[in-house]
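1. Let's see this in three dimensions:
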Amino acid sequence: MSKHTPGPWKVTLSGGPDKSYRIESDERAIARVFGMSFEENRYTDACLIAAAPEMLHALKWWAGQIEENPDYARFKNLAFDRLLQVIAKAEGK
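-> So this is what the prediction gives:
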């Protein structure tokens, strides 16, 4: 499996009548969200795509903590806070 474009990714509004959203990394396009969906849906879809590298990283980190520490209760708050941050980004907050 090849590697994905490194994050962070961000969402920008593309000009034109279609009001599409561009997902980019270092000013390079990763993806573009446009189509028949409502504008609000296009924006939240783009935010979800842009959060993908951070979500993957957070999930891998959490899995590592659980794997390395069978009694992971002490890591619960740190992992939970990080997951909430990534979820907020995916929701465009």
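2. rest of the way, CA atoms for contacts and neighbours
-> Will do.
3. can you pull the contacts of the residue most central in space within the chain?
-> For the chain, residue 51 is the residue whose C-alpha lies nearest the centre (Cα atoms, centre = their mean; 0.8 Å). By Cα atoms under 8 Å, 6 or more residues apart in numbering, the contact set of residue 51 is 8-9, 86, 89-90.
4. How about residues contacting stretch 8-28?
-> For stretch 8-28, the surrounding residues in contact (Cα under 8 Å, 6+ apart) are 5-7, 29-35, 39, 42-43, 46-47, 49-51, 53-54.
5. one more time with 10 Å, if that's ok
-> With contacts defined as Cα atoms under 10 Å, 6 or more residues apart in numbering, stretch 8-28 is touched by 5-7, 29-36, 39, 42-54, 89, 92.
6. List the ones among those residues that fall in strands.
-> 29-33 (DSSP state E).
7. and the residues you listed, which are buried?
-> 30, 32-33 (16 or more other Cα atoms under 10 Å).
8. what comes up buried for the helix or strand hosting residue 87?
-> Assigned by DSSP states H and E, residue 87 belongs to helix 76-90. Under the neighbour-count criterion of 16+ other Cα under 10 Å, helix 76-90 has 79, 82-83, 86-87, 89-90 buried.
9. would you list the ones in strands among the contacts of stretch 8-28 in a markdown table and tack on distance to residue 63?
-> Output for the ones in strands among the contacts of stretch 8-28, formatted as a markdown table (distance: Cα to Cα, whole Å):
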| residue | distance to residue 63 |
| --- | --- |
| 29 | 30 |
| 30 | 27 |
| 31 | 28 |
| 32 | 30 |
| 33 | 30 |
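10. Nice, that's everything, thank you.
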